[in-house]
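> Fold the stuff below for me.
(one chain, ligands or ions: 1)
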Amino acid sequence: VIYLDYQSTTPCDERVVEAMLPYFVHNFANANSEHILGKYVAETIDKIRADIAEMLGVVSQEIIFTSGATEANNIALQGSVRYLIDHYPKTKRVITIATEHKSVLETVQNLQSIGADPFILPVQSDGLIDPDSLKAALQVPTILVSVMAANNETGVIQNIPYLSALSHEYGALFHCDLSQACGKVSEKIQLRSWGIDLASISGHKIYGPKGIGILYVKRKPRVRVEPLFYGGYQERGIRSGTLPVPLIVGLGKAFSLFQNEGNEEIRRLASYKRFLINELQARIPQVKINGSIEYALSNCVNLQFPEVKALDLLARIPHLCLSTGSACNHVSMPSYVLQSMGLSEQEVLSSIRLSFGRMTTKQEVVETVHDLYSAWYDVRKGT
Ligand code: PLP
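Presented below is the predicted three-dimensional model:
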């Protein structure tokens, strides 16, 4: 089996698991407890929080641990909009883009129930936002703009510092879902200098454990978010609940691994991606890349295969773990991300997404090219 679906999730790095293990049985105390065991765990978490904050160019108090990016997106969007609708009831618009992950799109659409006015911005055929269309949407007083840094189906990378500056010019807050960009872009992610007010990150996309993520909430000037649920006032009351210490330790290790090894990994995966595209296009010249080629992650590609249905192709190569769209979307539903980039139904249904990661080998890439080509050839010939 060859795993080519690192955008949907990554395996835990073994070094992450090793770092986590002592925190299940030995250092198991509640980080809020006053005793010596609790204090030890609290100090460990403080150190991890400070290290992660430093890597992201922010301060510790701005980092909130959540159960993942879905929860971080929900708190960022619902929490900030609830506060602002209460305090500035005349400003209602919340803007996001058509290719966002469902945890942003559905949340923004549901903000209508608390009086907000959701506005879904279309994207261009390359998946990028046209800044003029954002400017036009911002002519109506806007609470918040939410734009993902990198797309989970196409890998297309938006110009976040530019879009956040534009949003601020019109007085709107800026939220960014960094789930797919974190650990995968060579440029260092610097939340403050990128002009981000609220951000979301997921542990299981960066070789950390599932069930942990980060919400960044800017402190100066202070961004207010109301909690989605109430409890013991952990995480500054923004996210109550006993801290999942082993998961936080794993997340911290995952961050330090990509801090040390990330650039080398990105270069290696970029060379695999170039190899795969060149070799496939040499055999099947009509293979097309969906989305911007220039502004895209180096570990993934979304490809359109001529004259075949992607599901027929995948049925021939069950040992290749890749997909036709997001794992969060129902498989029988054609990708709304590709549809919103203007692809026809037939083009959408002939597209697959493929992503490499830390454990991918060159040999696997060579086999993938060979097997994809043979499957395409057989399906087209109907053999
Ligand atoms: N946002 C994006 C862009 C994603 O790709 C994902 C994962 O599928 C999420 C959010 C959800 O992350 P989590 O699984 O941590 O809730």
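
> Just the pLDDT at P334, thanks.
As summarised for this prediction, P334 has a pLDDT of 88.

> distance of it from the ligand?
Between P334 and the ligand the distance is 18 Å, computed by Cβ to the nearest ligand atom, to the nearest Å. Where you see a C-beta, it was placed from the backbone N, CA and C, and this is true even at glycine.

> cool, and S374?
Relative to the ligand, S374 is positioned 30 Å away (Cβ to the nearest ligand atom).

> Number of residues surrounding that residue?
If you count neighbours by other Cβ atoms under 10 Å, S374 ends up with 13.

> which residue does this structure bring closest to the ligand?
Scanning the chain for the residue nearest the ligand gives G68, at 2.7 Å (criterion: Cβ to the nearest ligand atom).

> got a list of what that residue touches?
S202, G203, H204, K210, G211, I212, G213 (Cβ atoms under 8 Å, 6 or more residues apart in numbering).

> repeat for C182
When contacts are taken as Cβ under 8 Å, 6+ apart, C182 is in contact with I189, I201, S202, K205, I206.

> my guess is the first one meets Q180, correct?
No: I189 sits out of contact with Q180 when judged by Cβ atoms under 8 Å, with a separation of 11.7 Å.

> between those two, which one's more packed in?
A count of neighbours by other Cβ under 10 Å puts Q180 above the other of I189 and Q180, at 30 against 21.

> contacting residues around the nearest residue to the more buried one once chain neighbours are set aside?
What sits nearest to Q180 in space, not counting adjacent residues and going by Cβ to Cβ, 6 or more residues apart in numbering, is A150, at 4.1 Å. Applying Cβ under 8 Å, 6+ apart, we find A150 in contact with V156, I157, Q158, L178, Q180, A181, K184, V185, L297.

> Export the residues you listed as JSON lines, with columns for distance to K135.
Supplementary listing: the contacts of A150 in JSON lines, determined by distance: Cβ to Cβ, whole Å:
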{"residue": "V156", "distance to K135": "20"}
{"residue": "I157", "distance to K135": "20"}
{"residue": "Q158", "distance to K135": "15"}
{"residue": "L178", "distance to K135": "23"}
{"residue": "Q180", "distance to K135": "25"}
{"residue": "A181", "distance to K135": "23"}
{"residue": "K184", "distance to K135": "29"}
{"residue": "V185", "distance to K135": "25"}
{"residue": "L297", "distance to K135": "26"}
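
> Please pick the buried ones from those residues.
Buried members of the contacts of A150, counted by 16 or more other Cβ atoms under 10 Å: V156, I157, Q158, L178, Q180, A181, K184, V185, L297.

> need those residues in TSV with secondary structure, pLDDT and distance to the ligand, can you?
Conversion of the buried ones among the contacts of A150 to TSV gives the following (DSSP: H, G, I helix; E, B strand; the rest coil; pLDDT from 0 to 100; distance: Cβ to the nearest ligand atom, whole Å):
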residue	secondary structure	pLDDT	distance to the ligand
V156	strand	98	11
I157	strand	98	12
Q158	coil	98	12
L178	coil	98	8
Q180	coil	98	5
A181	coil	97	9
K184	coil	94	11
V185	coil	93	13
L297	coil	97	11
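
> Tell me which stretches of the stretch 51-200 of the chain form helices.
69-74, 80-87, 102-110, 131-137, 160-169 (DSSP state H, counting those that start in this stretch).

> So which of those helices is nearest K288?
With Cβ to Cβ as the measure, helix 131-137 is the member of the helices of the stretch 51-200 of the chain nearest K288 (24.4 Å).

> buried stuff in that closest one?
Within helix 131-137, the residues that qualify as buried are L134, A137, counting by 16+ other Cβ under 10 Å.

> what does that helix contact?
Helix 131-137 has contacts (Cβ under 8 Å, 6+ apart) with R93, I95, F119, L121, P122, V145, Y162, L163, L166, S167.
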